[in-house]
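# Kindly return the folded structure for what I paste below:
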Amino acid sequence: MIALGWDNDAQGGFIPFDAGFVDDQGLGTCVLISLFTDRRATADDGLPPAERRGWVGDMLAEVEGDRIGSRLWLLKREKQTEETRARAEEYAAEALAWLLNDGLVAAIELEAAWVRPSVLGLRVTLDGGATVPPIVTTLTVA
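Alright, predicted model coming up:
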């Protein structure tokens, strides 16, 4: 699989290129796609159907209810509260649950923390040892 990288300053992914594409033998790219692809919002999220985003390919999933991405995008304009921090952990766990379900990891540890005003840091640890570099996402405080 071609590796993806994450640029905290630009708040976006990129394809590392060092005299050719970089190969990803680990789960880093899977984690980035799972966290930073927009999962369709649920009816409980309070958005009209036309604004729920999500990947159209989810309609073709072979496993009922199988979805790609996370609902972290819903936090973009939330206030800097404990509730928002906890929801970030909940949404990240939801997005990464497939790694557990498919037996790719034995455990996932998530920690979200406010690292400075309007910036939420998210640390993902897989299998209790392999750490994905900390991913920081910026939230606009309303």
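
# hang on, residue 112 packs against residue 89?
Yes: assessed by C-beta atoms under 8 Å, residue 112 is found in contact with residue 89 at 4.8 Å. Every C-beta, even on glycine, is put in place using the N, C-alpha and C of the backbone.

# And for residue 73, the neighbour number?
Per other C-beta atoms under 10 Å, the neighbour tally for residue 73 reads 17.

# quick one on the thing from earlier: check the contact lists of residue 112 and residue 89 and give me the overlap.
With C-beta atoms under 8 Å, 6 or more residues apart in numbering applied, the overlap between the contact sets of residue 112 and residue 89 consists of residue 122.

# These two - which one has more neighbours?
Neighbour tally, residue 112 and residue 89, criterion other C-beta under 10 Å: the higher count belongs to residue 112, 22 against 15.

# Which residue lies closest in space to that one, excluding its sequence neighbours?
Nearest residue to residue 112 in three dimensions, chain neighbours excluded: residue 88, at 4.2 Å (C-beta to C-beta, 6 or more residues apart in numbering).

# For the one you found, give me its contacts.
Here residue 88 is in contact with 72, 75, 112, 120, 122, 137 (C-beta under 8 Å, 6+ apart).

# Let's have the residues you listed in CSV, adding secondary structure and distance to residue 55.
Below are those laid out as CSV (DSSP: H, G, I helix; E, B strand; the rest coil; distance: C-beta to C-beta, whole Å):
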residue, secondary structure, distance to residue 55
72, helix, 14
75, helix, 19
112, strand, 23
120, strand, 23
122, strand, 21
137, strand, 19
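
# Most widely separated two among those residues?
Checking these against each other with C-beta to C-beta, the farthest-apart pair comes out as 75 and 122, at 10.6 Å.

# circling back: please settle this for me: is the residue nearest to residue 112 part of a helix?
Yes: the assignment for residue 88 (DSSP: H, G, I helix; E, B strand; the rest coil) places it in a helix.

# Let me see the confidence value for it.
Taken from the predicted model, the pLDDT recorded for residue 88 is 94.

# how near is it to residue 116?
For residue 88, the distance to residue 116 under the criterion C-beta to C-beta, to the nearest Å works out to 15 Å.

# and if you look at residue 97?
Relative to residue 116, residue 97 is positioned 29 Å away (criterion: C-beta to C-beta).
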